[in-house]
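S.K.: Okay, structure incoming, though there's no sequence with it:
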C-alpha cells in the first residue's frame with residue numbers, strides 16, 4: 001500500500017474528483033458503460049448492477065469509499081500506465097517534463113501512442129463501420145498530452161502529466177524508479 005501524507009491524499013482526491021477525462025483517461029474504454037464494465041472486470045464496484053446508470057461523480061465517490069485514493073492509484077492508475085507505456089517512454093516523457101517541453105508528434109507516432117484520424121465523428125458516437133476508427137481522445141498519448149488534432153501538434157501537458165511527475169511517481173519511489181524498474 002502506498003504511504004501518502006494527508007495533504008497529498010487530499011490533493012490527489014480533489015484532482016480525481018475534478019478530473020476530465022474520468023480517471024485521467026487511463027481506462028481503455030472511452031464511454032461510461034464500457035468504463036463501468038472495465039472497472040467491474042478489475043473487481044471494483046461489483047455491486048453495481050447492469051441497469052445502474054450512476055454519474056461520474058458518484059462512481060468516483062464509490063471508488064474512493066471502496067479503495068481510497070491509494071487504492072485507486074495502486075490498483076487502477078499505476079497498472080494502466082505500466083500497461084500503456086514502457087519504461088523508456090516514461091523516462092523520455094520525464095526528461096521532456098523537466099525541460100518544459102512536449103515530445104514531437106513524430107515521436108508519439110513512432111512509438112504507436114498516437115495516430116491521426118481522418119474522420120469527423122467523435123469518439124463517443126456509435127461506430128458505423130468497424131474499419132473506421134473514431135476521432136478524439138482514444139490513443140495512449142492523450143493520457144499525458146493535449147493534442148491539437150485539427151492542426152496536428154502536441155499542444156500541452158494534461159493535468160495528469162503534472163500529477164504523474166510531481167506527485168504520483170514520487171509516491172512510487174525515487175522519480176523514475178517506481179514505475180521504470182517494474183515496467184516492461
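M.R.: Good, I have the coordinates. All figures in this text were calculated on a predicted structure; none of them were measured in a lab. Numbering: from 1, shown residues only.

S.K.: ends of stretch 149-166, how far apart?
M.R.: Counting by C-alpha to C-alpha, to the nearest Å, the length from the leading to the trailing residue of stretch 149-166 is 27 Å.

S.K.: So the protein: which segments form each domain?
M.R.: Domain segmentation of the chain under automatic domain parsing yields 6-84, 87-160.

S.K.: what's the burial count for residue 160?
M.R.: Residue 160 is surrounded by 22 other residues when neighbours are defined as other C-beta atoms under 10 Å. C-beta here means a position set from N, CA and C on the backbone, and glycine is covered the same way.

S.K.: so is it in a helix, a strand, or just coil?
M.R.: When the structure is reduced to helix, strand and coil (DSSP: H, G, I helix; E, B strand; the rest coil), residue 160 reads as helix.

S.K.: what residue is smack in the middle of this structure?
M.R.: Most central residue of the chain, judged by C-alpha distance to the mean C-alpha position with C-alpha atoms, centre = their mean, is residue 26 at 2.6 Å.

S.K.: which residue sits closest to that residue, ignoring its sequence neighbours?
M.R.: Excluding the flanking residues, the one nearest residue 26 by C-beta to C-beta, 6 or more residues apart in numbering is residue 80, at 4.0 Å.

S.K.: Report how many residues lie close to the one you found.
M.R.: Should you count by other C-beta under 10 Å, residue 80 turns out to have 20 residues around it.

S.K.: Confirm it sits in a strand?
M.R.: No - residue state for residue 80 (three-state DSSP) corresponds to helix; a strand is not indicated.

S.K.: Low-confidence stretches in this structure?
M.R.: The chain contains residues with pLDDT under 70 at 117-137, 174-184.

S.K.: same for the longest helix seen in the chain, what does it pack against?
M.R.: The residue-count maximum for a helix in the chain (DSSP state H) belongs to helix 56-72. Identification of packing neighbours for helix 56-72 by 3 or more C-beta pairs under 8 Å, 6 or more residues apart in numbering; DSSP states H and E yields helix 6-17, helix 32-41.

S.K.: Show me which parts of the last one are buried, residue by residue.
M.R.: Within helix 32-41, the residues that count as buried by 16 or more other C-beta atoms under 10 Å are 35-36, 38-39.

S.K.: circling back: mind listing what the residue nearest to the centre of the chain touches?
M.R.: Contacts for residue 26 (C-beta atoms under 8 Å, 6 or more residues apart in numbering) come out as 76-77, 80-81, 84, 143, 160.

S.K.: how about TSV for these, with distance to residue 60 added?
M.R.: TSV is the format used below for these (distance: C-beta to C-beta, whole Å):
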residue	distance to residue 60
76	11
77	13
80	16
81	18
84	21
143	17
160	15
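
S.K.: What residues sit buried inside stretch 1-13?
M.R.: 2, 4, 8, 12-13.

S.K.: Just the buried positions in the strand or helix carrying residue 108, please.
M.R.: Residue 108 is part of helix 105-110, with elements assigned from DSSP states H and E. For helix 105-110, the neighbour count (16+ other C-beta under 10 Å) marks 105, 107-108 as buried.
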